[in-house]
Each structure stands twice: as C-alpha cells, then as structure tokens.
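[1] build me a model:
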Amino acid sequence: MTYSRMTLFAAGGAAGLFALACAQQDTGTWSVHDMNRPQPAVVTPGMTATDTAAGTAPSDAVVLFDGTNLDAFRTGGGAAAWKVEDGIASVQGGDLHTRQDFGDCQLHLEWRVPADFAGEGQNGGNSGIFFNDKYEIQILNGYENTTYPDGSGGSFYGQHPPLVNPCRPKGDWNTFDIIYTSPRWNEDGSLASPGRATVLFNGVLVQNNQAFTGTTVHGDTTKYGSPHGPGPIRIQDHTDPLQFRNIWVRPLGN
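    Numbering: from 1, shown residues only. A predicted model of the protein is given here:
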C-alpha cells in the first residue's frame with residue numbers, strides 16, 4: 001500500500017527494536033508458497049499470568065514494569081511516584097507517563113482492585129490508559145458495580161461502551177491486551193483516518209478495531225485536535241487504590 005498524500009505518525013523512537021522485522025516485511029510480489037519470501041522474525045513468547053503470579057513479556061517487547069521498578073515511567077517531570085512492593089505497583093501521587101513515546105503498538109497490562117476497597121460507580125476502582133496521552137481506554141471494576149456504559153471498564157471513555165463486561169471480582173487480577181493504531185493526518189493537517197483500538201479484557205473481545213471519535217474529554221462530545229506524532233502512554237491516578245503488574249508494549253511500525 002502506498003500513501004501519497006498522507007503523513008504517517010507510527011511507532012516513534014521505539015521502532016528501532018523492530019528494524020529487523022520491518023526489513024523482513026514484503027516489498028514485492030510473491031508466488032503462492034514461495035520459499036524465497038522473507039521469513040517472520042522469531043519471537044519467544046512470555047509466560048501467561050496466573051492468579052498467584054504475573055505473566056512475563058515476549059522477547060521483542062519494551063518492558064515497562066516487571067515488578068522491580070518504574071524507571072520506564074515518570075510522574076510530571078520527575079521519578080514515578082507510585083509505590084512498588086512485592087512485584088506490584090500501587091497508584092499514588094499522580095499519573096504515570098512512559099518516558100518513551102509510542103505510536104502504533106500492542107500493550108499488555110494486569111490490574112486489580114483490592115478486595116477490601118468499598119468504592120462504587122465511577123469511584124469503584126477507576127483508572128485509565130491513554131494512548132498518545134490523548135485517547136483513553138477505561139479501567140474500572142465492573143463486577144457487581146454499575147455505571148454509565150461509556151465509562152465502564154474496557155470502554156473508550158465517553159465514546160464507546162465495551163461489547164460485554166468480563167470483569168473479575170475485586171481482589172482478582174484482570175488483564176488488558178490492546179492493539180492500538182494512531183490517527184493518520186493529511187498533509188494539510190486534516191484527519192485522514194481516526195485512531196483505533198482492539199481490546200481484549202481477560203481474553204474476551206470488548207472493542208473490535210473500534211475508532212476513537214476524538215481525544216478523550218469528560219462529560220462532553222469530542223473531536224480531533226491538531227496533528228500529532230507518537231506520544232507517551234499514560235496510566236491514570238484517579239485516586240482509587242488500583243494495583244498493576246506485568247506491563248509491556250510492542251511497537252508496531254510501518
């Protein structure tokens with residue numbers, strides 16, 4: 001596919017990790033079952049999470065949190081403020097931003113709401129993941145906890161409710177696996193194609209290549225702003241005591 005009038009903002013500085021894979025992408029026309037066609041890069045998969053142990057990242061991922069430290073993140077202009085103990089990062093002191101910028105990517109994280117937390121509705125275990133620091137996928141306990149549908153866990157906040165609610169009870173670990181595609185812009189700055197995401201919540205599809213209608217805002221309709229390139233991934237401190245483990249990202253460059 002050729003983009004003649006389009007500016008593509010893709011994986012940013014992290015794309016170097018995928019130079020080999022990009023070099024192996026098809027650049028010509030191949031016959032069926034052509035053994036000269038470039039082979040896919042070999043990636044060692046990570047371990048799947050269990051109730052008692054975090055999963056691990058695949059070999060080509062950028063590890064953001066493996067239970068040891070939050071050096072891949074910042075809070076404001078300084079060090080990450082969240083507490084790390086027993087391999088778990090607990091929300092406190094402000095949002096986390098990745099120090100590295102990302103565009104198109106695959107993100108994995110594991111999160112839970114403490115079993116003794118008594119909040120309800122939008123205060124029932126609330127956080128969120130912002131891609132390009134602009135487009136939010138909601139994190140919220142949805143087990144025996146109701147709220148407005150476009151603010152449920154797995155929603156595009158204020159835009160699209162999740163297809164279903166597969167949330168586990170408080171005290172249990174949930175997983176998000178997200179495939180995110182950044183918006184594309186024409187040379188005149190107009191929107192060529194919206195940002196999109198596919199979301200698997202505990203392995204269940206809750207967003208299927210869904211388009212963002214614009215940047216995330218609270219309590220209002222939304223639209224796209226000025227063109228932008230890659231940006232940080234932000235994990236929100238909504239003041240609820242959420243916990244996180246095993247956070248990694250795979251940049252997906254063109």
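[2] where does T2 land on pLDDT?
    You'll see T2 listed with a pLDDT of 38.
[3] with G124 instead?
    With respect to pLDDT, G124 scores 88.
[4] with just CA atoms, put stretch 150-159 into PDB.
    Output in PDB follows, covering the C-alpha atoms of stretch 150-159 (Å, rounded to 0.1, in the frame of the first residue of the first chain):
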ATOM      1  CA  ASP A 150     -19.500   4.600  28.100                       C
ATOM      2  CA  GLY A 151     -17.500   4.800  31.400                       C
ATOM      3  CA  SER A 152     -17.400   1.000  32.000                       C
ATOM      4  CA  GLY A 153     -14.200  -1.000  32.100                       C
ATOM      5  CA  GLY A 154     -12.900  -1.500  28.600                       C
ATOM      6  CA  SER A 155     -14.900   1.400  27.200                       C
ATOM      7  CA  PHE A 156     -13.400   4.200  25.100                       C
ATOM      8  CA  TYR A 157     -14.300   6.700  27.800                       C
ATOM      9  CA  GLY A 158     -17.200   8.900  26.900                       C
ATOM     10  CA  GLN A 159     -17.400   7.300  23.400                       C
END
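[5] name the surrounding residues that touch it.
    The contact list for stretch 150-159 (CB atoms under 8 Å, 6 or more residues apart in numbering) reads 122, 128, 135-142, 149, 160-162, 165-167, 174, 176, 197, 199, 201, 206-207, 210, 212-214, 216-220, 222. For every residue, glycine as well, the C-beta is placed using N, CA and C.
[6] who's in contact with the residue nearest to N141 when sequence neighbours are not counted?
    Once flanking residues are discounted, N141 sits nearest to G125: 3.5 Å by CB to CB, 6 or more residues apart in numbering. Residues near G125 by CB under 8 Å, 6+ apart: V113, F117, G119, I139, L140, N141, N145, K170, D240, L242.
[7] make JSON lines out of those residues and add distance to D34 and pLDDT.
    What follows is the contacts of G125, written out as JSON lines (distance: CB to CB, whole Å; pLDDT from 0 to 100):
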{"residue": "V113", "distance to D34": "51", "pLDDT": "96"}
{"residue": "F117", "distance to D34": "56", "pLDDT": "94"}
{"residue": "G119", "distance to D34": "57", "pLDDT": "88"}
{"residue": "I139", "distance to D34": "44", "pLDDT": "98"}
{"residue": "L140", "distance to D34": "48", "pLDDT": "96"}
{"residue": "N141", "distance to D34": "50", "pLDDT": "95"}
{"residue": "N145", "distance to D34": "53", "pLDDT": "94"}
{"residue": "K170", "distance to D34": "53", "pLDDT": "96"}
{"residue": "D240", "distance to D34": "53", "pLDDT": "94"}
{"residue": "L242", "distance to D34": "49", "pLDDT": "97"}
